[in-house]
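# The following block contains a protein sequence and its predicted model.
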Amino acid sequence: MSERTAAVNVVSPSGPTGTTVDLPAEIFGAKVNVPLIHQVVVAQQAAARQGTHAAKNRGQVRGGGKKPYRQKGTGRARQGSIRAPQFAGGGTVHGPVPRSYEQRTPKKMKAAALRGALSDRAAHGRVHVVSSFTDDDAPRTRDAVSVLLAATGTTPSAAHLLVVTQADDTVTWKSLRNVPGVHLLDAGQLNTYDVLVSDHVVFTEAGLGQFLARSGFPGAAAPEGSEAATSAETEDAES
């Protein structure tokens, strides 16, 4: 059995459920490598700026054969063409899209940086788990915000909250997608930058289970005392 961090209470729309979820220490109790996290975040931001845009040089634009003004006597720097880069101001050059910085970052580095960011949030009590955001299958923004307040002790208007759930959790997406201060993310898209810019990270149970399964910890998110946890313990005993 892997070492685990302290248990996290599970919150429901009705309040605390009395159940807890143990977070694997390999992910939520890892060493925080600040230089690595910085390197990965810089690469991620650089990748977000990638594209086919580039400044045109004077050989790629038309016109500008005449001097914009006489050579001497104006008090200004001499110029030979209004199509020089300082006048043209760029444009778009289409060509092959370069391989992004993020693609060049090794997966192990990105995974280690994410573990460090999550561990930092967990060490400060800023990782939370909710069973759901509404009591039924109907999306309700007011109820969802109340659950966030119960889980984190703050509201989206006072903090930046990252909510991690499954892509098909339509109730959560519809309930929180228009709430300022809330950033919704599919568990498969969880990344270092979004964790770092958030004051609290709130997982749904399903979202946490999906994230842990992708990280190599299937079944780790089953709350203690739940049917899923009992079933997992039975299977371990039989094996």
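Sure, I can see it.

# What ranges does the chain have for its helices?
If DSSP state H is used as the criterion, the helices of the chain fall at 25-28, 34-48, 85-88, 101-104, 107-123, 141-152, 170-176, 192-196, 205-214, 227-238.

# For burial, what's the neighbour tally of the nearest residue to S14 once chain neighbours are set aside?
Once its chain neighbours are removed from consideration, S14 has its nearest residue in D135; the separation is 7.0 Å (CB to CB, 6 or more residues apart in numbering). To be clear about C-beta, it is placed using only N, CA and C from the backbone, and glycine gets the same treatment. Using other CB atoms under 10 Å, D135 is surrounded by 11 other residues.

# what sits against D135?
With CB atoms under 8 Å, 6 or more residues apart in numbering as the criterion, the residues that contact D135 are P13, S14, D143.

# One more: V147?
With contact set as CB under 8 Å, 6+ apart, V147 has these partners: V11, S12, P13, V130, S132, F133.

# With neighbour count, pLDDT and distance to A159 as extra columns, can I get those in CSV?
CSV is the format used below for the contacts of V147 (neighbours: other CB atoms under 10 Å; pLDDT from 0 to 100; distance: CB to CB, whole Å):
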residue, neighbour count, pLDDT, distance to A159
V11, 23, 95, 16
S12, 19, 93, 21
P13, 17, 93, 20
V130, 26, 97, 16
S132, 21, 94, 21
F133, 29, 96, 17
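
# ok so, going back, I'd like the contacts of D135 laid out as JSON lines, including distance to P156.
Converted to JSON lines, the contacts of D135 look like this (distance: CB to CB, whole Å):
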{"residue": "P13", "distance to P156": "17"}
{"residue": "S14", "distance to P156": "21"}
{"residue": "D143", "distance to P156": "14"}
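
# per-residue confidence at G216?
Per-residue pLDDT puts G216 at 84.

# Could you measure from the residue nearest to the spatial centre of the chain over to E205?
Closest residue to the average C-alpha location of the chain: D194 at 3.1 Å, with CA atoms, centre = their mean. Between D194 and E205 the distance is 20 Å, computed by CB to CB, to the nearest Å.

# Same check on P180?
25 Å.
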